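Peer 1: Next input, structure requested:
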Amino acid sequence: MPHHFLVGVNQSRRLFVAVLLASVFGIGVYHTTLSSFWQQEEAAIAPRLHTAPHQVPPSLPITSALSLLSRTTNNSNATEATVLLVYDSVNAKLLAEGVRTFLQAHRVPFVYHSHGYTSTARLRWVASGNGTARGLYGLLVVADSISFFSRWTAQERRTYTDYCKRFGVSAIFLTNTNGRLKKRIHRGNDTLGFRISSPDSVSVTASVEFNHTKPGVVLSHVPRGVAWFAFAPPPSGTQVWAWAVRSKMVRPVVLVTREEEGMVSAYFGMPFDLWLTKLLFLDALSLLPDPLVPVLRYGRERLVMVDVDDIFVGNQDMRLHKDDVEAMVGVQERLGSYVPGFTFNLGFSGGLFSRGDPLEVEGSQEIVRVAEKFWWFEHMYKHQKPHLGTEEQLIENITQNIAFARQYGIPAFANGYSIAPHHSGVYPVHPPLYSAWKKTYNVSVTSTLEYPHRSPAHMRRGFVHQEIMVLPRQTCKLFSYHYSLESYQGGLKSLIASAEGGEVFETLLHNPVTIFMTHMPNFGHDRLALVLFEALFRFVHTWTNLQLIADRPLNMATRYFTIFPEDIVPVWTSPCNDGNHMSIFSHAPNCTNLPSVLVVGPQKTGSTALRLYLKQHPHMCSNRLTERYEETQFFSNEIAYSYGVNWYMDQFPYPNVSGSPCGVVFEKTANYFNHELGPLRAHTLLPRAKIIVILSDPIKRAYSWYQHQVAHNFSTALNYSFSEVLYAPYYHNASEALLNLTLRCLLPGEYHIHIERWLLYYPPEQLMFVDGEELLSDPASVMDQVQHFLNLHSILDYAKILRFDVEKGFHCIVKEQDNLQCLGPSKGRHYPPMSQEEMDYLIRYFKEPNRKLVALLNRLSRPVPDWLYDDDRLL
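Peer 2: As a prediction, the model looks like this:
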């Protein structure tokens, strides 16, 4: 996904989660939204309001249906919650990539520009709804800051300063120490600072109360051979956060300035890949407004747990001895001085208990003897891969493991936590595993490395499935084959370095809730895991203000989803694009079985007819039909989506109806078009799919959709006329059901809104816009265009198989013996025309959306549908 779209994605997900939580817990989201809407609109139209929605009011101001979804809150922030991350020189790219990864790991929304930042056009502002100016960026992060300042003109510097002061925008400037730093850097007649070699030591000021960095610490072991940038003596009022000492010369290397207007600037001359720089950078981010930095949701707290998988699993000569178990207990007590209550969490597979040589058997028995000193989790009786089992087989397996725990007095029932061997069945989800967990062990929490993908690690997330909370799991560079220093690349020095500011430390820094995965062999022989975690916890205690907390899995999961509620609803990825996922998928997936074409609607524009026509092509096939539905609604229906990718794949047959292989698999669901999360979900699973959108006259579409609801005996539509549905937002006592009907009637016809959302995920060349009116009047011509868009190898002449049916009012398929196959009786209905007053209202309503649609199509160099010009009232 393009990085400059991260903000829009998160906003859509937050909106969806809010609505989901409202539906689950009964929170009146729509009621609150509409109350806010009326606070804004009532004064203007109060003289013309009626008290009951059974009379048509006179001409009223037009307000988009989108306002029914938008809360009008007073936001005091003068800027958008977005970081602008920029670099210009090629030498600074490595630095910029490191900063980008850091921002991603801490979920800071950002826009990433790789060149041209010296143009102050980047510092744009946009108008907010109340007419005041709002800065487009809340923070500017600049890589290669020396080049940034030395190449700016005086006018550009004034523009930058004015922008930051006007909107209270902060800035962080990072020196590209990987580049060629001049010995002395000037800006005009002023000296900015000096290049220095690696200092002898670095001191952090004791006068600032940092969130993450411990004040007053002195780092005496500084990596050699790296250039630093020391700043010239700063003016009064500047805070020096860090000093570099070299040859008895003390120079500032991190500065923070504060202006009266609220502008804060931080300047870094330290290498960004140094762990201390990243700690201070995180503290600099903490200077920003709360909405901009998610890390402020959890501050210094870090919940941590260490899982020990396979405690009874392993080859002979790799299992624990009695003295290894005693060492675990001893180190666990010492770790408790850094993390109160810290306890190793052991995963047991009872079917492999007490194996190996006599010393290893003694070790297994010792673990059981001191079982009360540890936490425990169920790990499959014989360590089987759950994705290969049925629900019945999994229940039997887990039941055997539970019986083993009871037999040996293992306290395995307090956590409600289980781990599947090899993460099999957790993600991609194997529904029988989740069902078996709930029916036997009452599991409420698990964890996995695999969602959404194992790599990159900083992008792992949690989700909730079948009421089981799935937390992201993290590696600590120790795997099942690491049992001695000889087996660990780089030996003891590398192991300690990963804990003391390296990869394992950064994992703890990035994540407010961290579950580390280790394995039984890591605790035997050279006891690498004990060395690692003692070094890690001691390092955190010595150098940081982080508060490490040990807690049970249920509390950790509750905390995680409180901090990140946007993670509750999963977004399914395709196993076909991930080798790990392919190896643990429930059944061998036929990756050609996933659709490569989506007809997304919207409803009442001719999508059913298009589906019928596409299915006539010998090399195209679609999903199986159910008794009631022709659509899967997978990306738009929460129940269907919760079934997972397995279920979705099963909706599509391997051959098409004629028995020949499918050249193209397609799906039609008409409400994908305007669903908030439809584009995100579709793109995550089907990133290369081609998307077909049908654009019909939105006035006709709105009326047809209302009549469709009436024909299907939808109670709200039966109780209200079309006029009452249109004017519902202007009545004080309109029910939420009526307002929701209005929303669903009008909002899909504001085509530009939804097309822009699809364009967040799919490039324009993967989207086709079909003229719905032309599809009705000349389908053969439209189908020629569609076939060329899909790059079909054989072109079907639809003029030979389509015939207009006068009675139906649309084209039908010519079958054998000149019989016609037409759409069902629900299509082509005849109903009374709308009133002129209703027509006039809708013309006014859709005039601006239609203009925006034309502008959008022109921007994409796409033809504008004729119906927009046939009636000049539409534009």
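Peer 1: Tell me where the stretch 251-400 of the chain has helices.
Peer 2: Taking DSSP state H, counting those that start in this stretch to define them, one finds helices in the stretch 251-400 of the chain at 275-285, 322-335, 358-369, 391-407.
Peer 1: most neighbours per residue, which of the ones you listed?
Peer 2: For those, the largest average neighbour count (mean count of other CB atoms under 10 Å) is found in helix 275-285, namely a mean of 22. Every residue, glycine included, has its C-beta placed from N, CA and C.
Peer 1: if we can go back for a sec, how about the helices of the stretch 251-400 of the chain in JSON lines, adding mean pLDDT?
Peer 2: Listed next are the helices of the stretch 251-400 of the chain as JSON lines, based on pLDDT from 0 to 100:
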{"stretch": "helix 275-285", "mean pLDDT": "94"}
{"stretch": "helix 322-335", "mean pLDDT": "97"}
{"stretch": "helix 358-369", "mean pLDDT": "96"}
{"stretch": "helix 391-407", "mean pLDDT": "96"}
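Peer 1: now those helices in JSON lines, with distance to residue 201?
Peer 2: Shown next, in JSON lines, are the helices of the stretch 251-400 of the chain (distance: least, CB to CB, whole Å):
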{"stretch": "helix 275-285", "distance to residue 201": "11"}
{"stretch": "helix 322-335", "distance to residue 201": "29"}
{"stretch": "helix 358-369", "distance to residue 201": "45"}
{"stretch": "helix 391-407", "distance to residue 201": "53"}
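Peer 1: The ones you listed: which one's closest to residue 375?
Peer 2: When the helices of the stretch 251-400 of the chain are compared by CB to CB, helix 322-335 sits nearest residue 375, at 10.5 Å.
Peer 1: CA atoms of the closest one as PDB?
Peer 2: Provided in PDB are the C-alpha atoms of helix 322-335 (Å, rounded to 0.1, in the frame of the first residue of the first chain):
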ATOM      1  CA  LYS A 322      17.700 -31.100  36.200                       C
ATOM      2  CA  ASP A 323      20.400 -28.300  36.600                       C
ATOM      3  CA  ASP A 324      18.900 -26.500  33.600                       C
ATOM      4  CA  VAL A 325      15.600 -26.400  35.300                       C
ATOM      5  CA  GLU A 326      17.100 -25.100  38.500                       C
ATOM      6  CA  ALA A 327      18.900 -22.400  36.500                       C
ATOM      7  CA  MET A 328      15.600 -21.400  35.000                       C
ATOM      8  CA  VAL A 329      14.000 -21.000  38.400                       C
ATOM      9  CA  GLY A 330      17.000 -19.000  39.700                       C
ATOM     10  CA  VAL A 331      17.200 -16.600  36.700                       C
ATOM     11  CA  GLN A 332      13.400 -16.100  36.800                       C
ATOM     12  CA  GLU A 333      13.800 -14.900  40.400                       C
ATOM     13  CA  ARG A 334      16.500 -12.400  39.400                       C
ATOM     14  CA  LEU A 335      14.400 -11.200  36.500                       C
END
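Peer 1: what angle separates that helix from helix 358-369?
Peer 2: Angle, helix 322-335 to helix 358-369, by axes from the mean of the first three to the mean of the last three CA atoms, to 10 degrees: 40 degrees.
Peer 1: What is helix 322-335 packed up against?
Peer 2: helix 358-369, helix 528-543 (3 or more CB pairs under 8 Å, 6 or more residues apart in numbering; DSSP states H and E).
Peer 1: And the next helix or strand past the helix-or-strand element of the chain with minimal mean pLDDT?
Peer 2: The helix or strand of the chain with the poorest confidence is helix 29-45; it has a mean of 32 (mean pLDDT, DSSP states H and E). Downstream of helix 29-45, the first helix or strand assigned by DSSP states H and E is strand 83-86.
Peer 1: what's that following strand packed up against?
Peer 2: helix 93-105, strand 110-113, strand 139-143.
Peer 1: Look up how far residue 320 lies from residue 418.
Peer 2: Counting by CB to CB, to the nearest Å, the separation of residue 418 from residue 320 is 22 Å.
Peer 1: count of neighbours near residue 542?
Peer 2: 11 (other CB atoms under 10 Å).
Peer 1: Next: residue 518.
Peer 2: 26.
Peer 1: do you know how far residue 801 is from residue 475?
Peer 2: 58 Å.
Peer 1: So which of the helices of the stretch 251-400 of the chain is nearest residue 174?
Peer 2: Short answer: helix 275-285, nearest of the helices of the stretch 251-400 of the chain by CB to CB, at 7.9 Å.
Peer 1: residue contacts, residue 145?
Peer 2: Residue 145 sits next to 173-176, 267-268 when contact means CB atoms under 8 Å, 6 or more residues apart in numbering.
Peer 1: Please repeat the previous calculation with a cut-off of 10 Å.
Peer 2: 87, 92, 95, 171-176, 185, 192, 229, 267-269 (CB atoms under 10 Å, 6 or more residues apart in numbering).
Peer 1: ok, for residue 403, nearest residue in space, not its chain neighbours?
Peer 2: residue 350 (7.7 Å; CB to CB, 6 or more residues apart in numbering).
Peer 1: confidence score at the one you found?
Peer 2: pLDDT for residue 350: 96.
Peer 1: residues contacting it?
Peer 2: Contacts of residue 350 by CB under 10 Å, 6+ apart are 312, 378-383, 400-405, 407-408, 410, 412.
Peer 1: returning to what we had before: just the ones of the contacts of residue 145 in strands?
Peer 2: Counting by DSSP state E, the part of the contacts of residue 145 found in strands is 171-174, 185, 192, 229, 267-268.
Peer 1: related to what we said a few turns ago, okay if I get the helices and strands packed on helix 322-335 as CSV plus distance to residue 490?
Peer 2: As requested, these are exported to CSV (distance: least, CB to CB, whole Å):
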stretch, distance to residue 490
helix 358-369, 28
helix 528-543, 12
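Peer 1: wait, residue 640 sits on residue 634?
Peer 2: Yes. Counting by CB atoms under 10 Å, residue 634 is a contact partner of residue 640 at 5.0 Å.
Peer 1: I'd like the next helix or strand past the top helix by length along the chain.
Peer 2: Longest helix in the chain, counting residues (DSSP state H): helix 836-859. Downstream of helix 836-859, the next assigned helix or strand under DSSP H and E is helix 867-870.
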